[in-house]
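Student: predicted model and sequence follow; I will ask about them next.
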Amino acid sequence: MDLMKEESEQKQNGVPKVSIVVLNWNGLENTLECIESLLKINYPNYEIIVVDNGSSDGSAQTLKDRRYKITLLENAENLGFSAGNNVGILYALEHGADYVFLINNDTVVDPDVLKALVNVGERDARTGMIGPKIYDFYEPDKVWFAGAFIDWKTGESSHLGTGEIDRGQFYAVIEVDRLTGCAMLIKRVVFGKIGLLDPDYFLYFEDVDFCVRARKAGYKNICVQNAKVWHKESMSTKAKYGSPLHTYYHNRNRLIFLKKHGKISTNEHFKNLLRLFVGDRYKRMGIIDFYLKRFGKNAIVTRIS
């Protein structure tokens, strides 16, 4: 398989083929609603690939019974966001995708979303990834994501527009530091240059890392604010802020991210030592595992969350 090819051999009348990858883990109801919205997309050349990440709620069998026009891939266990999505990405590339659209299962999409994103992607060969504006599913006019810029002192990156009611103030096509794995369209050639999502993260920061790697390889990350997706935040992982799952992976992976990109400072190391004596148990666990290079899945934290 030649991941470096900028075009597949399966363009339909010159229209790039988009493979949509949806990762499901015990989220059947959300996944069904997501699929129903994806089936209404009016783009002429796309396929839907659902990767079941070792669900125990009967998701895979129900999806088979529904006889949707989708490809279902089944992982034997929960591989996490990175490795789970990589299974779908590899399948898409092997079957001629020009673009891969990663989309959370706890989303619904506007029928025009792929047209808007692909149109921007096709304008400039340097554009590697394109993302939509994302709204709060439960408050459909409230913005959740309209792009993001990274604070390299902390590794954090707040979303533009979060919590604002959309009155037309976010309707541009802008270059950003990063997009979100919640909804992210990626050109085939990007995978050829930088590889797949990094499984060291398991959950959180893998999308930020991927965007930074793409920028280092010379690609732009573009947010198309007139492309629309609605997101039920944290439904796929049930990881609300402050939960053991979120606290552990977010803190450990933020440090992996900073170290990997050469931005972790002496001051940050000192702060980490202080955090070992004060603060949340799962934050301490994340810091300890970072320094011990225990990356990927923490079975204890994942099981109790």
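Tutor: Received the coordinates, thanks.
Student: can you map out the strands along the stretch 151-300 of the chain?
Tutor: 173-176, 183-187, 220-231 (DSSP state E, counting those that start in this stretch).
Student: go through those and pick out the most buried.
Tutor: The highest mean neighbour count among the strands of the stretch 151-300 of the chain, using mean count of other C-beta atoms under 10 Å, belongs to strand 183-187: a mean of 26. Backbone N, C-alpha and C define where each C-beta goes, glycine included.
Student: and the closest residue to residue 250 other than its chain neighbours, how many neighbours?
Tutor: Leaving aside its sequence neighbours, residue 250 sits nearest to residue 204 (C-beta to C-beta, 6 or more residues apart in numbering; 5.1 Å). Other residues near residue 204 come to 25 when the count uses other C-beta atoms under 10 Å.
Student: how about residue 204, phi and psi?
Tutor: Taking degrees, to the nearest 10, you get phi 80, psi 140 for the backbone angles of residue 204.
Student: ok, now residue 201?
Tutor: Torsion angles, degrees, to the nearest 10, at residue 201: phi -80, psi -30.
Student: got the buried residues for stretch 75-92?
Tutor: 75, 78-92 (16 or more other C-beta atoms under 10 Å).
Student: the stretch 151-300 of the chain: helices as residue ranges?
Tutor: 188-194, 206-216, 244-260, 266-275, 281-291, 299-304 (DSSP state H, counting those that start in this stretch).
Student: quick one: contacts of the fifth one?
Tutor: Read that as helix 281-291. The contact list for helix 281-291 (C-beta atoms under 8 Å, 6 or more residues apart in numbering) reads 244, 247-253, 255-256, 259, 272, 275-276, 295, 298, 301.
Student: which residue comes closest to residue 276 once chain neighbours are left out?
Tutor: residue 284 (5.5 Å).
Student: neighbours of the one you found, just the number please.
Tutor: 18.
Student: mind listing what residue 207 touches?
Tutor: Contacts of residue 207 (C-beta under 8 Å, 6+ apart): 178-182, 184, 197.
Student: likewise residue 35?
Tutor: By C-beta under 8 Å, 6+ apart, the contact set of residue 35 is 22, 48, 50, 68, 70.
Student: so it: helix, strand or coil?
Tutor: helix (DSSP: H, G, I helix; E, B strand; the rest coil).
Student: and residue 156, what are its phi and psi?
Tutor: The phi/psi pair for residue 156 (degrees, to the nearest 10) is phi -80, psi 160.
Student: near it, how many other residues are there?
Tutor: 13.
Student: pLDDT below threshold where in this structure?
Tutor: The chain contains residues with pLDDT under 70 at 1-10, 12, 234-241, 304-305.
Student: tell me, what residue is most central in it?
Tutor: Most central in the chain under C-alpha atoms, centre = their mean is residue 181, positioned 1.5 Å from the mean C-alpha point.
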